[in-house]
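A.B. asks: Okay, here's the prediction I keep looking at, along with the sequence it came from:
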Amino acid sequence: MDHSNLMDEVRDINLSYLMLAQRMVREDQAMAVYRLGISQEIAQLIDRLSTAQLLKLASSPMMLTRFRFDDGAILGMLTHDSKERQLAHAHSAILLAGQPVEEIL
Amino acid sequence: MTRDAGLPAAVPAAAAGSRSGKKAKTVLGESREIQLAIDLIRLGARLQLLETETQLSRDRLLKLYKELLGVSPPKGMLPFSTDWFLTWQPNIHASLFAGIHRQLMQHAGLDSVDALVKGYRLYLEQLPPEPGAEPVLSLTRAWTLVRFLNSSMLETARCRQCGGEFIVQPQRRQRFVCGLCRVPSRAGKTRKVLDARAGSTQPD
């Protein structure tokens, strides 16, 4: 796959993410804050984006979202352990619920 | 903070805060109380929970319960013990719910009862019960858990291996390792679980 194809896929993901996030925020803002791991402020910002703004933001060749498990040790534990899937899922959900949300500083 | 953003301007700010005080008897306020009671009943709330968390009279709650579910609410005392939350599987479920509930209150600006309703839905979404089975953590248990945490009969501790927050007995925070980092050898090996596993065809 060549480079421009990769960038196209990044833009696609950005657009899908922003559209999904906006739908989630509009459906239920509080639940979206938890599901997306973002602050209320960011949720309100996403809510207010017009379609034109959303497209503009998504068209950046830079990935807009970030990996939420940014601790190598935890990631290893969740993926490599002989842990059952159900347990690994419960564990990751508890860890995400304990994480600080992404905020605008 | 913009926690009242979604409320109509006519509602006094106090009504959106604590529900413990007597609320002005507005039609809007009452309809919100009924909607809250409906949500709670649908999620499995017992009568004591409804009486504590809504401003509706016992008679109206009984009537609403019967209309929604077709039966009278179960009688009897609520389970009142912190022990259940400290056993292995319930502790995992309770810890997840407590984490969601705290996030909703801290970051989404919900009050405690709204965080109970939405938090419980999110909990069911994350750890859905087996088909045909009851959820491990019932709504009434989840509500009891919040009360235990508020009165410090239970606390949360950070696991020193994974960093997750888990429900613990008071004063057991030191050098705590959670039940998921150190899974007890007999954990989840009840008759029921083993039978279910033997019958399931899902690859693991």
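C.D. replies: Yes, it's here.

A.B. asks: ok, then the element right after the worst-scoring helix or strand of chain A on mean pLDDT?
C.D. replies: Ranked by mean pLDDT, DSSP states H and E, the weakest helix or strand in chain A is helix A:72-80, scoring a mean of 75. In the C-terminal direction, the helix or strand that comes right after helix A:72-80 (DSSP states H and E) is helix A:85-97.

A.B. asks: Format the CA atom coordinates belonging to stretch A:72-86 as CSV.
C.D. replies: Extracted as CSV, the C-alpha positions of stretch A:72-86 are listed here (Å, rounded to 0.1, in the frame of the first residue of the first chain):
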residue,chain,number,x,y,z
GLY,A,72,3.0,-0.9,28.1
ALA,A,73,2.8,-3.1,31.2
ILE,A,74,-1.0,-3.0,31.3
LEU,A,75,-1.3,-3.6,27.6
GLY,A,76,0.9,-6.6,27.9
MET,A,77,-1.1,-7.9,30.8
LEU,A,78,-4.3,-7.5,28.9
THR,A,79,-3.1,-9.1,25.7
HIS,A,80,-0.5,-11.7,26.5
ASP,A,81,-1.7,-13.2,29.8
SER,A,82,-3.4,-16.6,29.7
LYS,A,83,-6.4,-14.7,31.0
GLU,A,84,-9.8,-15.6,29.7
ARG,A,85,-11.3,-13.1,27.3
GLN,A,86,-14.2,-12.3,29.6
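
A.B. asks: Now the least confident helix or strand of chain A: buried residues?
C.D. replies: Of the residues in helix A:72-80, A:Ile74, A:Met77, A:Leu78 count as buried by neighbour count, 16 or more other Cβ atoms under 10 Å in any protein chain shown. In short, each C-beta sits where N, CA and C put it, glycine included.

A.B. asks: Show me what that helix is packed against.
C.D. replies: helix A:85-97 (3 or more Cβ pairs under 8 Å, 6 or more residues apart in numbering or on different chains; DSSP states H and E).

A.B. asks: in chain A, which helix has the most residues?
C.D. replies: Counting residues, the longest helix in chain A under DSSP state H turns out to be helix A:3-27.

A.B. asks: out of everything not next to it in sequence, what's closest to the residue in chain A that chain B sits nearest to?
C.D. replies: Nearest residue of chain A to chain B, counting by Cβ to the nearest Cβ: A:Ala97, 3.0 Å away. With Cβ to Cβ, 6 or more residues apart in numbering or on different chains as the criterion, A:Ala97 has its nearest non-adjacent residue at 3.0 Å, and that residue is B:Gly99.

A.B. asks: cool, and A:Arg35?
C.D. replies: Counting by Cβ to Cβ, 6+ apart, A:Arg35 lies nearest to A:Met24, which is 6.2 Å off, once chain neighbours are set aside.

A.B. asks: and if you look at B:Leu110?
C.D. replies: Of all residues beyond its chain neighbours, the one nearest B:Leu110 is B:Leu104 (4.8 Å), with distances taken as Cβ to Cβ, 6+ apart.

A.B. asks: Touching, the one you found and B:Val113? I think so.
C.D. replies: No: between B:Leu104 and B:Val113 there is no contact under Cβ atoms under 8 Å: 11.1 Å.

A.B. asks: between these two, who's got more neighbours?
C.D. replies: Under the neighbour definition other Cβ atoms under 10 Å in any protein chain shown, B:Leu104 and B:Val113 were set side by side, and B:Leu104 has more, 25 against 19.

A.B. asks: Can you classify the more buried one by secondary structure?
C.D. replies: Secondary structure state of B:Leu104, per DSSP: H, G, I helix; E, B strand; the rest coil, is helix.

A.B. asks: Give me the pLDDT for it.
C.D. replies: B:Leu104 is assigned a pLDDT of 95 by the prediction.

A.B. asks: Now do the contacts for it.
C.D. replies: B:Leu104 is in contact with A:Ala30, A:Val33, A:Tyr34, B:Leu110, B:Asp114, B:Ala115, B:Lys118, B:Gly119, B:Leu122, counting by Cβ atoms under 8 Å, 6 or more residues apart in numbering or on different chains.

A.B. asks: Need these in a markdown table (columns: pLDDT).
C.D. replies: Formatted as a markdown table, the contacts of B:Leu104 follow (pLDDT from 0 to 100):
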| residue | pLDDT |
| --- | --- |
| A:Ala30 | 96 |
| A:Val33 | 95 |
| A:Tyr34 | 94 |
| B:Leu110 | 93 |
| B:Asp114 | 95 |
| B:Ala115 | 96 |
| B:Lys118 | 97 |
| B:Gly119 | 97 |
| B:Leu122 | 96 |
